[in-house]
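# I would like the atomic coordinates for the input below:
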Amino acid sequence: MTPRPSEVTRQAAEWVVQLRAPDAPDNCEAEFAAWLCASPLHVREYLAAVEVWQCLADPAMEMGNSRDVLINDARTSGVIDFPSSTVSQAPAAERPGSRRPGRAALAASVLLLVTFIYVSWRYFSPVEITTAIGEQRSAVLPDHSIMELNTQSAVRIAYTSQERRIELVRGEAFFEVAKDPNRPFVVSTEWATARALGTRFTVYRAPSGTVVTVAEGRVLVRYTGRPHESGTGRAGPIESVEVVPGTQADATPGSPVQLHQVDVTRSLAWRNRRLIFSGETLANVVREFNRYNVPRLEIVDPRLLDQRISGVFGANDPQSLLDFLSQVDHINVSHAGPDAIRIGDPM
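Numbers count the residues shown, from 1 in each chain. Sure thing, here's the model as predicted:
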């Protein structure tokens, strides 16, 4: 089982301390190298932990510079060549003309090697971030843009010198984009791209298509799926629509991009783990709750599907909805084993 990011962060901090301990075991460096090479996430979290360590040790050092200092230390440590896969081959003392480096120098050489791996991973391979059901994550991207990932979501991040591209594989994400006129910030799905012009916005890969909501700035939404039929038997043109604050764009397969006004506070309430409904059908309300929770809610009485619901609920508190339905509309609720809660069962 892959450790959770928080667990990896803890492990990285422990390695920073252990590598500097005077009584560290002899096999410490080999275990450290194996841990680093196990995942790019290990490399990222260790480098971040080193930066924190250096800044705590020297408050005058700026975050982001300590990594360069560490690499330079490794270059000048006297350990300039190291094995391609491990640091635990023949000891330096057994190689003719070599000297055995100290623990700090050897650890620095390992860090230098893995830093090159990290740079290759970061700049030439997409990075994927995911959330499980009910989980939300925030991340500061390499350009200092901020991303907040909603429940059951996944993104692939691929930054180049020409473009900052985020592929929303599933779910929903909020972006606060750092301005960089030389590198467009583009979020893509199967059906659309959203090109930010210095802004705050969300992209939701809904079952019906792509939904873009703008809180600040402007976003250029471009339909990139199969062009909609124009009614003449020919495919219509691929279109672009500029979305402004308080506006939402729906890019749905088979139809033009639709623009409409929205309550941004309600649309972004999930960032505070709230769900706000105003005259929504119970079917839509249940669908939203099921994005965040298990067991799943199931409407078994079809007469309830179009019943309208208004209220503010905790995203991870489906019981608040069930209590509301029971008290207001006298709807019966029952548990169908560990995997489902039935709404509308006969009394």
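
# who touches the residue nearest to residue 215 when sequence neighbours are not counted in this structure?
Closest residue to residue 215 apart from its sequence neighbours, by Cβ to Cβ, 6 or more residues apart in numbering: residue 200 at 4.5 Å. Using the backbone N, CA and C atoms, a C-beta is placed for each residue, glycine as well. Contact analysis of residue 200 by Cβ atoms under 8 Å, 6 or more residues apart in numbering lists 174, 175, 176, 177, 214, 215, 216, 217.

# among the residues you listed, name the buried ones.
Among those, those scoring as buried are 174, 175, 176, 177, 214, 215, 217 (criterion: 16 or more other Cβ atoms under 10 Å).

# can you classify the first one by secondary structure?
Secondary structure of residue 174, reduced to three states by DSSP: H, G, I helix; E, B strand; the rest coil: strand.

# CSV for the buried ones among the contacts of residue 200, including pLDDT?
Conversion of the buried ones among the contacts of residue 200 to CSV gives the following (pLDDT from 0 to 100):
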residue, pLDDT
174, 97
175, 97
176, 94
177, 95
214, 97
215, 96
217, 95
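
# out of the residues you listed, who's nearest residue 340?
Among those, residue 174 lies closest to residue 340 (Cβ to Cβ), at 30.1 Å.

# that closest one pairs with what?
Note on residue 174: beta-bridge partners residue 148, residue 202, judged by DSSP bridges.

# wait, it sits on residue 148?
Yes: assessed by Cβ atoms under 8 Å, residue 174 is found in contact with residue 148 at 4.2 Å.

# not counting sequence-adjacent ones, nearest residue to residue 293?
Residue 293's closest residue in space is residue 318 (Cβ to Cβ, 6+ apart), at 5.0 Å.

# settle this for me: the one you found is touching residue 291, isn't it.
No: if you go by Cβ under 8 Å, residue 318 and residue 291 don't touch, sitting 11.0 Å apart.

# these two: which is more packed in?
Neighbour count, other Cβ atoms under 10 Å: between residue 318 and residue 291, residue 318 has more, with 21 against 17.

# pLDDT wise, what is that one at?
For residue 318, the pLDDT comes out at 94.

# check contacts around it.
Taking Cβ under 8 Å, 6+ apart, we find residue 318 in contact with 289, 293, 297, 341.

# return the member of these nearest to residue 256.
For these, the nearest to residue 256 is residue 289 (30.8 Å; Cβ to Cβ).
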